[in-house]
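*Asks:* Need a 3D model of the sequence below.
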Amino acid sequence: VQKRIHRMCGLSPDEESDRLTVISVREIAPAERLDKMKQAMAEVRPDFVVLDGVRGLLLNFNELDQCTELVNVLMALSTEYKCGIMTVIHQNKADVNARGHLGSELMNKSETALEVRRADKISTVSHVHCRNEEFDDFSFRINEKVLPELCDTPVKKKDKKAELKELFFKAMFGTSRMMKKDLEEKIAAMLNRSTKTGERRIKEAIAANI
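*Replies:* Here you go, the predicted structure:
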């Protein structure tokens, strides 16, 4: 992974760079991995941290107390070192939610949540949730040099149920309940339509068993 990043940046794959520090904790027990991460951040004082496989810091990513504690630690580290922390976690197969209690906690506290979908060897990145300025989808593929390169985003096939699922996921992000009137207004505002449109979308979602 480190060599690939160096190649992408035009650096020598076999020489270290003081702008990138890569730490592997795969061989270390989960209980010790977070301490290693804290030690590394104290030494390097990074501007940006990529935590590939955040669930590897926990024994049980469905144990609420463990998940809440870990997310609080990550938030504290981000504040202490004034750096961004990007985590990677899988999604549920049935929807766009991140897996387990850990996924829910991360989604609720994150500034931006991205979704990566792969089809026909092309990966497309979309924002699921964004507290600041949103961005257009973008896509990339792996070229013959085994490096990612930007490419055109495939044209999406119209899937009414999938569109409704995504709409209501964004409208109800961070909560499992909402008053019908509030939801109608939220949907209408998101679509820049009347509240009648919001009411119609709710009926369509109920009919589609969403």
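*Asks:* From here on, just use CA atoms for contacts and neighbour counts.
*Replies:* Noted.
*Asks:* those helices in the protein, which residues are they?
*Replies:* Assigned by DSSP state H, the chain shows helices spanning 2-8, 30-44, 64-81, 100-109, 160-171, 180-191, 195-207.
*Asks:* Can you check what angle separates the third one from helix 30-44?
*Replies:* Orientation check (axes from the mean of the first three to the mean of the last three CA atoms, to 10 degrees): helix 64-81 against helix 30-44 gives 10 degrees.
*Asks:* So for helix 64-81, what gets flagged as buried?
*Replies:* By neighbour count on 16 or more other CA atoms under 10 Å, the buried set for helix 64-81 is Gln66, Cys67, Thr68, Leu70, Val71, Leu74, Met75, Leu77, Ser78.
*Asks:* ok, of these, which one's closest to Glu115?
*Replies:* Checking these against Glu115 with CA to CA, the nearest one is Val71 at 19.3 Å.
*Asks:* List the residues that contact that closest one.
*Replies:* For Val71, the contact set (CA atoms under 8 Å, 6 or more residues apart in numbering) comprises Leu102, Glu105, Leu106, Lys109.
*Asks:* Is it possible to get the helices of the chain out as TSV so that each row also shows distance to Asn132 and mean pLDDT?
*Replies:* Compiled in TSV, those are given as follows (distance: least, CA to CA, whole Å; pLDDT from 0 to 100):
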stretch	distance to Asn132	mean pLDDT
helix 2-8	27	91
helix 30-44	26	92
helix 64-81	18	94
helix 100-109	13	88
helix 160-171	14	87
helix 180-191	15	90
helix 195-207	24	89
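*Asks:* Burial-wise, tell me which of these comes out on top.
*Replies:* helix 100-109 (a mean of 20; mean count of other CA atoms under 10 Å).
*Asks:* Got phi/psi on Asp14?
*Replies:* phi -100, psi 0 (degrees, to the nearest 10).
*Asks:* CA-only coordinates of stretch 149-163 in PDB, if you can.
*Replies:* C-alpha atoms of stretch 149-163 as PDB (Å, rounded to 0.1, in the frame of the first residue of the first chain):
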ATOM      1  CA  GLU A 149      -7.100   6.700 -12.300                       C
ATOM      2  CA  LEU A 150     -10.200   8.900 -12.600                       C
ATOM      3  CA  CYS A 151     -12.800   7.800 -15.300                       C
ATOM      4  CA  ASP A 152     -16.300   8.700 -16.400                       C
ATOM      5  CA  THR A 153     -19.000   7.800 -13.900                       C
ATOM      6  CA  PRO A 154     -21.300   5.100 -15.400                       C
ATOM      7  CA  VAL A 155     -24.800   6.200 -16.200                       C
ATOM      8  CA  LYS A 156     -27.100   4.900 -13.400                       C
ATOM      9  CA  LYS A 157     -30.100   2.800 -14.300                       C
ATOM     10  CA  LYS A 158     -33.200   4.200 -12.900                       C
ATOM     11  CA  ASP A 159     -34.200   2.200  -9.800                       C
ATOM     12  CA  LYS A 160     -37.200   3.700  -8.100                       C
ATOM     13  CA  LYS A 161     -37.000   1.800  -4.900                       C
ATOM     14  CA  ALA A 162     -33.200   2.400  -4.600                       C
ATOM     15  CA  GLU A 163     -33.800   6.100  -5.100                       C
END
